[in-house]
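need coordinates for the following:
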Amino acid sequence: MTEHDSIRGLLALAVAGALEPKEQERVERHARECTACAAELDDWQLLAGALKRLPTPQPSAALIERTRARAELQMAAEAEHRWNYRVIAFVILFAWTLTLASWPVVRLLSGNLLGWFDPAFGRAWVGFAGFTALAWLGGGIAAAMLAVHQRRERRTA
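From the prediction side, this is the model:
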């Protein structure tokens, strides 16, 4: 590709102001020396000027309203997701606190406070922890199923 051909490829970009200053100077210098490129550069400038005078299309009021409504729905959905995550985090924290606090309370109320030092305490604690883990697993599966169901409902709505 010759210098002339590479400059011709840059003429439209030069008129649009999309070239680096060095490239812009290179195109202008070539256009001063080459009458064919100078004429083509003038044609591009006329075309760019005519395009700038064309009216800018404006979106319809209905399109603006639909876009705004969709944006509001999206923002509301994101806010709902954030709220749901906060509620879930609070419920998990509360449930674990309640779970951990219930064991000593049950032991205290049953009058078996000294049983904490009993070797059978380890077996009882493992049983309690296993029961708690099973309950949490069931709750987690139920929460996941509810989330999938809610997502399906939103997609069909």
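
the helix or strand of the chain with the lowest mean pLDDT: how far from the chain's middle?
Each helix and strand of the chain was given a mean pLDDT (mean pLDDT, DSSP states H and E); the minimum falls on helix 120-156 at a mean of 76. With C-alpha atoms, centre = their mean, to the nearest Å as the basis, helix 120-156 stands 29 Å off its chain's centre.

helices or strands up against it?
helix 61-109 (3 or more C-beta pairs under 8 Å, 6 or more residues apart in numbering; DSSP states H and E). Glycine gets a C-beta too; all of them are placed from N, C-alpha and C.

hang on, the earlier thing: would you mark the buried spots in the least confident helix or strand of the chain?
By 16 or more other C-beta atoms under 10 Å, the buried positions in helix 120-156 come out as residue 132.

how does the protein divide into domains?
Per automatic domain parsing, the domain ranges recorded for the chain read 3-53, 61-156.

what about the residue nearest the centre of the chain, distance to residue 72?
The C-alpha lying nearest the average C-alpha coordinate of the chain belongs to residue 78 (C-alpha atoms, centre = their mean; 9.6 Å). Separation of residue 78 from residue 72 (C-beta to C-beta, to the nearest Å): 11 Å.

then residue 5?
Per C-beta to C-beta, residue 5 is found 53 Å from residue 72.

now swap in residue 49 and tell me
Counting by C-beta to C-beta, the gap from residue 49 to residue 72 is 41 Å.

ok, residue 91 next?
28 Å.

residue 42 now?
50 Å.

neighbour-wise, which of those two wins?
Shown here are residue 42 and residue 72; by other C-beta atoms under 10 Å, residue 42 has more neighbours (13 against 10).
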